[in-house]
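**Student:** after the sequence you'll find the predicted model.
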2 protein chains.
Amino acid sequence: MISDNSLSETDLIKYFLSLSANDASLKVANGDDAAVFSAGDLQIVISTDSYIENIHFETSYCSYFSIGFKAIEASGSDIVAMGALPHFFLVALGLPENYSKVQVQELYSGINASLKRLNAVLIGGDTCLSGQELVLNITALGTLEAQKRPLLRSGAQPGDMIAVSGKLGSARAGFELLKKGISGFEGLKKKFLEPACRVDLVGSLTELASSCIDISDGVASEIRHVCRMSGVGAVIYEEKLPFYSELPRAAELAGISLNDCLLCGGEDYELLYTISPEKKAEIEGTVIGEITYQREIIIENSSGRRKLTEEGFDHFNRGTT
Amino acid sequence: MISDNSLSETDLIKYFLSLSANDASLKVANGDDAAVFSAGDLQIVISTDSYIENIHFETSYCSYFSIGFKAIEASGSDIVAMGALPHFFLVALGLPENYSKVQVQELYSGINASLKRLNAVLIGGDTCLSGQELVLNITALGTLEAQKRPLLRSGAQPGDMIAVSGKLGSARAGFELLKKGISGFEGLKKKFLEPACRVDLVGSLTELASSCIDISDGVASEIRHVCRMSGVGAVIYEEKLPFYSELPRAAELAGISLNDCLLCGGEDYELLYTISPEKKAEIEGTVIGEITYQREIIIENSSGRRKLTEEGFDHFNRGTT
């Protein structure tokens, strides 16, 4: 924990934002999934993320291949959530002193496998010694035509449906299973180790959705961001949250609550988006709720309603995920 | 050191490059100071670098302000060396558990002071817990009009003059003085702690120079890169290497050789460029040598000539700088 003041990630980002100058070409500043700036007749969508050993991953249950693969997919997901295809990547790698060539090659094999999947290009990087931990920093970029609208967190309108792509909670359960050494459930474990960001949805989302965010920290956290930035509230239908059929048994074996998996589990890199009801049929995704005027987030199930109080994952308030 | 195979930074970058796919919009791949890609009617110049505690800096003799300031200037320098102005920055910060709010604020004050000096904008970032060490990753971007030529390492022609901006060896001496606790020489120490990249030279260099590289690892290392990438050789006139008048005394007190400071000292973030003799008068810089057909690098002084054998700084072959 940060000493002398409890400085949360949110506080830091606020402080960070307060330093940002205005710039005519800056269209979306830090605070959404990625920043967007105008560059001639295009818009550049860009995001940077660090992945640090023992904070974001542990080599005891993640292969070097999966560490590299996931870092690219997770970073690409921020560009996807803005409605752009992640096409260019830069990788800065800090290697502890005792690293082997084989480990580095496996790491890059994972990076390369994800780049191929995304039809993306590695355009730059940096390698250096780190201290105790392996450190990856990934910068991902995409482009949007000048007249295209980036898909922001702030576009949700009362009456919009809230939908998610894919299934929820898989990576969270996979992580718990791996950490506890529980065998089986390879599909869930793969969702944690080698998630695939939803580049396949970029085209239709850009056309149809009113807002979008990638689910890196869990639905509870992401809907909070969307509501805050759109100035709206939401009702989430808890029983509509989609999951794979093996999830309840996996959660039970791992000693975690199914609801916690579904509402607070991130790292699948699925997308949460809002869309007006008449457009919903045109795009993949499960409707899990509705945007409301009332600025509060309600979780509703057949037993009743409760206000959302659970915080999403915050890197300063939780340890390793 | 890397175990089971001595894997140098150069090896890693080669391996890294071998993974890069071809892409029509990629104009300069990793391997120069920065990558360049086409984006509509502009070119985007981009570079990423990590700065890791106890590898790139130590908090015993660097203030948090200077760590932040220098990280931005050093990253901006890569964009400058391509002939573009560094205008956008992303900062990913990994903070050890025991960090204080005051330290983080000082770090950002340094980042902000450099951004103001460069007239640049912070457009994105990431903050997370790190392990034992403070980790900064900086991504710097600039733009060039589509018809403008990026300033590459590969453009040097036999007969070109080799010139450097500013003075050499100051940051190296400053570093040794700080590490050894020797008082005085504040100017040299400041060149190490708060170097200023040469944004002032971007316009004239883009017009006039045939090649350019920033001096992050020392003249000996940089001229080697320029010669290898241009397919040429060089003669360096050792007695022409420019330095501040206090440097010899500082080097003596710090127990380091003046020649080592001048040929191998980097981190001043001055520029080394090549230029045809008739254009040299139009731009600031001290002529320190000449590009030759013969593909070897000769160091010449009044006592004779020797081939350059000293390696420039390689992050895998040397410890902390």
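**Tutor:** Sure thing, it's come through. Numbers count the residues shown, from 1 in each chain, chains lettered A, B, ... in the order given.

**Student:** residue ranges in the stretch 201-321 of chain A under the pLDDT threshold?
**Tutor:** For the stretch 201-321 of chain A, applying pLDDT under 70 flags the ranges A:309-321.

**Student:** where exactly do the helices run in the stretch 51-200 of chain A?
**Tutor:** For the stretch 51-200 of chain A, the helices defined by DSSP state H, counting those that start in this stretch occupy A:64-80, A:101-118, A:170-179, A:186-193.

**Student:** same list (those) but as JSON lines, adding mean pLDDT.
**Tutor:** Formatted as JSON lines, the helices of the stretch 51-200 of chain A follow (pLDDT from 0 to 100):
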{"stretch": "helix A:64-80", "mean pLDDT": "97"}
{"stretch": "helix A:101-118", "mean pLDDT": "93"}
{"stretch": "helix A:170-179", "mean pLDDT": "97"}
{"stretch": "helix A:186-193", "mean pLDDT": "97"}
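
**Student:** would you mind saying which of those helices lies nearest chain B?
**Tutor:** Nearest of the helices of the stretch 51-200 of chain A to chain B, taken as Cβ to the nearest Cβ: helix A:101-118 at 4.0 Å. Quick note: C-beta positions are derived from backbone N, CA and C, even for glycine.

**Student:** is that closest one in proximity to chain B?
**Tutor:** Yes. Judged by Cβ under 8 Å from any Cβ of the partner chain, helix A:101-118 comes into contact with chain B through A:Lys101, A:Val102, A:Val104, A:Gln105, A:Tyr108, A:Ile111, A:Asn112, A:Leu115, A:Lys116.

**Student:** that helix - contacts with which helices or strands?
**Tutor:** helix A:64-80, strand A:88-95, strand A:121-129, helix B:9-19 (3 or more Cβ pairs under 8 Å, 6 or more residues apart in numbering or on different chains; DSSP states H and E).

**Student:** kindly recompute the last result at 6 Å.
**Tutor:** Contact here means 3 or more Cβ pairs under 6 Å, 6 or more residues apart in numbering or on different chains; DSSP states H and E; on that basis helix A:101-118 packs against helix A:64-80.

**Student:** quick one: the helix it packs on near chain B?
**Tutor:** No. Helix A:64-80 stays clear of chain B (Cβ under 6 Å from any Cβ of the partner chain), getting no nearer than 9.3 Å.

**Student:** contacts for that helix?
**Tutor:** Defining contact as Cβ atoms under 6 Å, 6 or more residues apart in numbering or on different chains, one finds that helix A:64-80 is touched by A:33-34, A:45, A:47, A:49, A:51, A:57, A:86, A:103, A:106-107, A:109-111, A:113-114, A:118, A:136, A:138, A:140, A:142, A:193-195, A:197-199, A:202, A:214, A:269.

**Student:** what comes up buried for stretch A:227-243?
**Tutor:** Using 16 or more other Cβ atoms under 10 Å in any protein chain shown as the test for burial, stretch A:227-243 gives A:227, A:229-230, A:232-238, A:241-243.

**Student:** check stretch A:53-66 too.
**Tutor:** Residues A:Glu53, A:Asn54, A:Ile55, A:His56, A:Phe57, A:Tyr61, A:Cys62, A:Ser63, A:Tyr64, A:Phe65, A:Ser66 are the ones in stretch A:53-66 that count as buried (16+ other Cβ under 10 Å).

**Student:** separation between the residue nearest to A:Phe69 when sequence neighbours are not counted and A:Ala29?
**Tutor:** Among residues not flanking A:Phe69 along the chain, A:Gly110 sits closest, at 3.8 Å (Cβ to Cβ, 6 or more residues apart in numbering or on different chains). According to Cβ to Cβ, to the nearest Å, A:Gly110 and A:Ala29 sit 31 Å apart.

**Student:** more neighbours, these two?
**Tutor:** Counted by other Cβ atoms under 10 Å in any protein chain shown, A:Gly110 and A:Ala29 do not tie: A:Gly110 has more neighbours, with 24 against 18.

**Student:** ok, the more buried one to A:Ser60 distance?
**Tutor:** Distance of A:Gly110 to A:Ser60, given as Cβ to Cβ: 17 Å.

**Student:** kindly export stretch A:127-142 (C-alpha atoms) in CSV.
**Tutor:** These are the backbone C-alpha positions of stretch A:127-142, laid out as CSV (Å, rounded to 0.1, in the frame of the first residue of the first chain):
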residue,chain,number,x,y,z
THR,A,127,14.8,-4.3,-24.0
CYS,A,128,16.7,-3.8,-20.8
LEU,A,129,17.5,-5.4,-17.6
SER,A,130,14.9,-5.1,-14.9
GLY,A,131,15.4,-5.7,-11.2
GLN,A,132,13.7,-8.7,-9.6
GLU,A,133,10.6,-8.9,-11.8
LEU,A,134,9.8,-9.4,-15.5
VAL,A,135,8.2,-6.2,-16.8
LEU,A,136,6.3,-5.9,-20.1
ASN,A,137,5.0,-2.6,-21.3
ILE,A,138,2.7,-2.7,-24.3
THR,A,139,1.7,0.3,-26.4
ALA,A,140,-1.2,-0.5,-28.8
LEU,A,141,-2.3,1.8,-31.7
GLY,A,142,-5.1,1.8,-34.2
